[in-house]
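Novice: structure of the sequence below:
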Amino acid sequence: MSKPARKATEPLRTRHVFLDTEVYRRAGFNISNTQFALLAKEIDAGRIVLHFTDITLAEIQRQLTEEVVAKAAEAKRLARDFNRISQIAGRPNDTVREIDAQQLADAAWKGFLNTLITRLRGHSVLALDTPARIVFERYFAGLAPFEQRGSKEFPDAFVVEGIARYCTSNDISMYVVSGDAALRRAAESHAPLIPLQTLDEVLAAAATAAGEAGDIEALVDEIFASPGFDDQVTAAIEADLDFVDFVYYGPLTDGNVVSTELNEIVSLDEYDVAAFDDSKIGLIIQVNATLDAKVRYFDEKELRDKDDDIIPTELETSSRIHARLKIYVSIDLRSLRFLESELLTRDIIVE
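Specialist: The predicted model follows:
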């Protein structure tokens, strides 16, 4: 595989960082994963200070609760399916413990808050204290995030105004990280705010601040050219594919993805340096790959037995898909072997 280009990265322009709800949701609200562990190291090193708003916390709590409740309902449905299969197989039903969705959601929220405050040392910004007049002036003027007719992005508008007022009163600037283009445009209209799209960009800037860019570039050249590097990337992706949520959107009735395999790594498109010290380097690599997915579905042509009862026919087929994967690897600088890897892509659509 040819070496990908490094994404252009400038050193940190400020140590203050705000993450939008969308960033936490993209991580599955797991702020102990590899990306957030790297962020925690930068926070411990004093290069980054993390900020959140009261509105952001309220959004996260609602969305996290909704996800837990949905997963609990799915687990209950799966338990019924297993019981049905057990009956067909003539075996005793396997007991599946009932999940108290609300209790689990409360525990997940408590764990999230504990990590945010104690491990990531988050600082609170009271966006709800923002005067409503400021937000409504932007709304009636059609300014971001209200450019689209009928837009009701009031939570985002209060968040951006609250952060901007906080920065002005404390004479600081702040990165505003969000995959939401409208929120980034709203942030761009305030001089103290610096919009970015992903947490990777913050980590890359912090890594640039921690090491010499030229030395890192030469080092990464050596890593990508090292024997066995391609095989390590392949193995790292294959090890984590089972943790990706594959969602089927296609013409097959009740289609769902039951398994996937890596078919081919087409190219490594680009990379960010996420961490760097005397013994190891962390890279976030964009991988262009093809995957083979096995899809299970019900045949629309109903078959009937001798008593004319309907027997749903379950079939399987395969689908080859193109996917842009994002993977984090930590590499030992002496052996050039992977110390740690994590597939950061969480959702892939199969058609």
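Novice: distance-wise, check Leu196 relative to Val233.
Specialist: Per Cβ to Cβ, to the nearest Å, Leu196 is found 26 Å from Val233. Where C-beta positions appear, they are placed from N, C-alpha and C, glycine not excepted.
Novice: no no, Val176
Specialist: Counting by Cβ to Cβ, the gap from Val176 to Val233 is 32 Å.
Novice: which one of those two has more residues nearby?
Specialist: Val176 (26 against 22; other Cβ atoms under 10 Å).
Novice: let's verify Phe29: helix, strand, or coil?
Specialist: coil (DSSP: H, G, I helix; E, B strand; the rest coil).
Novice: quick one, phi psi at it?
Specialist: phi 60, psi 10 (degrees, to the nearest 10).
Novice: count of neighbours near it?
Specialist: Neighbours of Phe29 (other Cβ under 10 Å): 19.
Novice: ok, it touching Thr65?
Specialist: No - if you go by Cβ atoms under 8 Å, Phe29 and Thr65 don't touch, sitting 10.3 Å apart.
Novice: which stretches of the stretch 251-351 of the chain form strands?
Specialist: 256-276, 280-298, 303-304, 310-311, 314-332, 338-343, 347-350 (DSSP state E, counting those that start in this stretch).
Novice: surely Ala186 touches Ile163?
Specialist: No - here Ala186 does not reach Ile163: they are 10.1 Å apart, not a contact under Cβ under 8 Å.
Novice: quick one: the helices in the stretch 51-200 of the chain?
Specialist: 54-89, 101-114, 132-141, 154-170, 181-188, 199-210 (DSSP state H, counting those that start in this stretch).
Novice: buried deepest among those, which one?
Specialist: Comparing those by mean neighbour count (mean count of other Cβ atoms under 10 Å), helix 199-210 comes out on top with a mean of 23.
Novice: what is the neighbour count of the nearest residue to Ile265 once chain neighbours are set aside?
Specialist: Of all residues beyond its chain neighbours, the one nearest Ile265 is Ala289 (5.1 Å), with distances taken as Cβ to Cβ, 6 or more residues apart in numbering. As a burial measure, Ala289 scores 21 neighbours (other Cβ under 10 Å).
Novice: look up how far Leu78 lies from Ala289.
Specialist: 29 Å.
Novice: with Ala191 instead?
Specialist: Taken as Cβ to Cβ, the span from Ala191 to Leu78 is 52 Å.
Novice: ditto for Glu98
Specialist: From Glu98 to Leu78 the distance is 13 Å (Cβ to Cβ).
Novice: before we move on, back to that, out of the strands of the stretch 251-351 of the chain, the one nearest Leu128 is which?
Specialist: In terms of Cβ to Cβ, the element of these nearest to Leu128 is strand 347-350, at 31.2 Å.
Novice: list the buried residues in that closest one.
Specialist: Buried residues in strand 347-350, defined by neighbour count with 16 or more other Cβ atoms under 10 Å: 348, 350.
Novice: and it, what does it pack onto?
Specialist: strand 245-248, strand 280-298, strand 314-332 (3 or more Cβ pairs under 8 Å, 6 or more residues apart in numbering; DSSP states H and E).
Novice: tabulate those in a markdown table, adding columns for mean pLDDT and distance to Arg91.
Specialist: Below are those laid out as a markdown table (pLDDT from 0 to 100; distance: least, Cβ to Cβ, whole Å):
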| stretch | mean pLDDT | distance to Arg91 |
| --- | --- | --- |
| strand 245-248 | 86 | 29 |
| strand 280-298 | 88 | 21 |
| strand 314-332 | 88 | 19 |
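Novice: of these, which stretch is the most buried?
Specialist: strand 280-298 (a mean of 19).
Novice: and stretch 173-186, average pLDDT?
Specialist: In this model, stretch 173-186 has an average pLDDT of 91.
Novice: next, the distance between the ends of that stretch.
Specialist: Stretch 173-186 stretches 15 Å from its first residue to its last (Cα to Cα, to the nearest Å).
Novice: give me the domain ranges for the chain.
Specialist: Using automatic domain parsing, the domain parsing of the chain gives 11-207, 211-350.
Novice: if we can go back for a sec, got JSON lines for the helices and strands packed on strand 347-350, with distance to Ile172 too?
Specialist: What follows is the helices and strands packed on strand 347-350, written out as JSON lines (distance: least, Cβ to Cβ, whole Å):
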{"stretch": "strand 245-248", "distance to Ile172": "38"}
{"stretch": "strand 280-298", "distance to Ile172": "27"}
{"stretch": "strand 314-332", "distance to Ile172": "29"}
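Novice: show me the one of those strands that comes nearest Arg121.
Specialist: strand 280-298 (20.7 Å).
Novice: what pairs with the closest one, parallel or antiparallel?
Specialist: Strands that pair with strand 280-298, judged by DSSP bridges, come out as strand 256-276 (antiparallel), strand 314-332 (antiparallel).
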